[in-house]
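Student: Provide a 3D model corresponding to the input given below.
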Amino acid sequence: MTTSIEEHLAHNTAAIDDMSAQMAQQWAAIRRLEAQVERLARLVQAIGEDGPSFATDDMPPPHY
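Tutor: Numbers count the residues shown, from 1 in each chain. Below is the predicted model of the structure:
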């Protein structure tokens, strides 16, 4: 009986350690993605500020 409990505890401990490592990797990935989204948002904003001042919807099609 004691051996069964110890095996179960060892299995649970290993599972918790695996989940903890996966969570740490996921948080690192989330931080990298958040930084990338922030950089892209700044780039889009800069392009919007420096881009053309005319509305492309108001321009006639190229065949006119």
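Student: show the pLDDT at the residue nearest to the spatial centre of the chain.
Tutor: In the chain, the centroid-proximal residue (C-alpha atoms, centre = their mean) is Leu33; its distance is 3.6 Å. Listed pLDDT for Leu33 reads 98.
Student: what distance do you get for it to Gly48?
Tutor: 22 Å (C-beta to C-beta, to the nearest Å). All C-beta atoms are positioned from the backbone trio N, CA, C, and that covers glycine.
Student: and the helices in this structure, which stretches?
Tutor: 2-50 (DSSP state H).
Student: quick one: end-to-end distance for stretch 44-61.
Tutor: Stretch 44-61 has an end-to-end distance of 25 Å (criterion: C-alpha to C-alpha, to the nearest Å).
Student: what average pLDDT does it get?
Tutor: Stretch 44-61 shows a mean pLDDT of 75.
Student: before we move on, what about stretch 14-24?
Tutor: For stretch 14-24, the mean pLDDT works out to 98.
Student: can I get that stretch in CSV, CA atoms only?
Tutor: Taking C-alpha atoms only, stretch 14-24 is exported to CSV below (Å, rounded to 0.1, in the frame of the first residue of the first chain):
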residue,chain,number,x,y,z
ALA,A,14,6.7,14.7,-12.1
ALA,A,15,3.4,15.9,-13.7
ILE,A,16,3.4,19.1,-11.7
ASP,A,17,7.1,19.7,-12.7
ASP,A,18,6.3,19.2,-16.4
MET,A,19,3.3,21.6,-16.2
SER,A,20,5.4,24.2,-14.4
ALA,A,21,8.1,24.0,-17.1
GLN,A,22,5.4,24.3,-19.8
MET,A,23,3.9,27.3,-18.1
ALA,A,24,7.2,29.0,-17.9
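Student: contact partners of that stretch?
Tutor: Contact with stretch 14-24 is made by no outside residue, as judged by C-beta atoms under 8 Å, 6 or more residues apart in numbering.
Student: chain center to that stretch: distance?
Tutor: 19 Å (C-alpha atoms, centre = their mean, to the nearest Å).
Student: okay, Gln26 and Asn12: tell me how far apart.
Tutor: 21 Å.
Student: ok, Ala41 next?
Tutor: Per C-beta to C-beta, Ala41 is found 42 Å from Asn12.
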